[in-house]
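*Asks:* can't give you the sequence, but here's the structure:
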């Protein structure tokens, strides 16, 4: 299968970012698939019952980064 990648980066308020994370968490808890809509296209991604979860935090002088990765 060829690689298909959808990437999105935008600046949000802390509350808006939390709302998106809540929506993703709710979808993961409720279904075995997650649905995204970008640019008029709808994507459904099957998620198995068990996944690998990675949390990474980077702290530099001027910038902080919190990265969450789900992989299966």
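*Replies:* Received, thanks. Here the structure is a predicted model, which is why all the values come from computation and not from measurement.

*Asks:* strand partners of the helix or strand residue 65 falls within, parallel vs antiparallel please.
*Replies:* Following DSSP states H and E, one finds residue 65 within strand 64-71. Paired with strand 64-71 in the same sheet, following DSSP bridges, are strand 52-59 (antiparallel).

*Asks:* just to revisit the earlier point, residues contacting the strand holding residue 65, please?
*Replies:* Contacting residues not belonging to strand 64-71 are listed as 28, 47, 51-58 [CB atoms under 8 Å, 6 or more residues apart in numbering]. Where you see a C-beta, it was placed from the backbone N, CA and C, and this is true even at glycine.

*Asks:* ok so residue 23 is a helix residue?
*Replies:* Yes: assigned with DSSP: H, G, I helix; E, B strand; the rest coil, residue 23 falls within a helix.

*Asks:* circling back: so how far is the strand holding residue 65 from its chain's centroid?
*Replies:* Chain-centre distance of strand 64-71: 9 Å, with CA atoms, centre = their mean, to the nearest Å.

*Asks:* same question, stretch 33-45
*Replies:* Its chain's C-alpha centre and that of stretch 33-45 lie 12 Å apart, by CA atoms, centre = their mean.
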